[in-house]
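Undergrad: have a look at this prediction, sequence included:
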Amino acid sequence: MLSQLKLMYPGRYSLPNEMDIRTLISTSTSAKKAADAKRKTEIAQAEKEALAMAAAAARGEEYVPAAGKKARKKTIAFPKRYQTDMESILVDNTDIRWQEAIPLMKERYAKEDGSLPEDFTEDARLKSKLTYCKT
């Protein structure tokens, strides 16, 4: 390779040495191999998803793709109206535990038919917020 460079650039004195050339070649080949492997896994994943979609359609079900590693839920702010009520419950009874406080919160916001509002948060989120407010 170095001899080819000397023939191509006869008047040039600052040519890379053999080690630099080998490093560049190995870097470019490893990058190409990594790109090929990534492309193969993407193709295999797309084929797997297509098969799962076809199987779900054959069963008469709706296909919902699984969330990948990088899929992440957008964090939603805790509603202020629930937080103020939660803080008032904690002010009234400082020794209350989350097992007792969550039913109180649900009691406050339950509709006539027993259902909760659509923006009412999950129990796990209420628990974490309660324990955070107590500290």
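TA: Right, received. Where do you want to start?
Undergrad: let's verify S115: helix, strand, or coil?
TA: With DSSP: H, G, I helix; E, B strand; the rest coil as the basis, S115 sits in coil.
Undergrad: got a list of what L130 touches?
TA: By C-beta atoms under 8 Å, 6 or more residues apart in numbering, L130 lies in contact with 86, 90, 98, 101-102. (C-beta placed from N, C-alpha, C; glycine too.)
Undergrad: list only buried entries from the residues you listed.
TA: 86, 101-102 (16 or more other C-beta atoms under 10 Å).
Undergrad: pick the one among those residues closest to I43.
TA: I102 (47.1 Å; C-beta to C-beta).
Undergrad: test my guess that that closest one contacts A124.
TA: No: the pair I102 / A124 is not scored as a contact, 9.9 Å apart, by C-beta atoms under 8 Å.
Undergrad: quick check: next helix or strand after the longest helix along the chain?
TA: Longest among the helix segments of the chain by residue count, using DSSP state H, is helix 18-59. Next in sequence after helix 18-59, counting helices and strands by DSSP states H and E, comes helix 80-92.
Undergrad: from the chain's centroid, how far away is that following helix?
TA: Distance, stretch centre to chain centre, for helix 80-92: 31 Å (C-alpha atoms, centre = their mean, to the nearest Å).
Undergrad: ok, now stretch 108-128?
TA: 26 Å.
Undergrad: next one: stretch 24-44
TA: On C-alpha atoms, centre = their mean, the centre of stretch 24-44 falls 24 Å from the chain's centre.
Undergrad: give the contact list for I43.
TA: Applying C-beta under 8 Å, 6+ apart, no residues contact I43.
Undergrad: name the helix or strand of the protein that has the lowest mean pLDDT.
TA: Of all helical and strand segments in the chain, the minimum by mean pLDDT, DSSP states H and E falls on helix 2-8, at a mean of 75.
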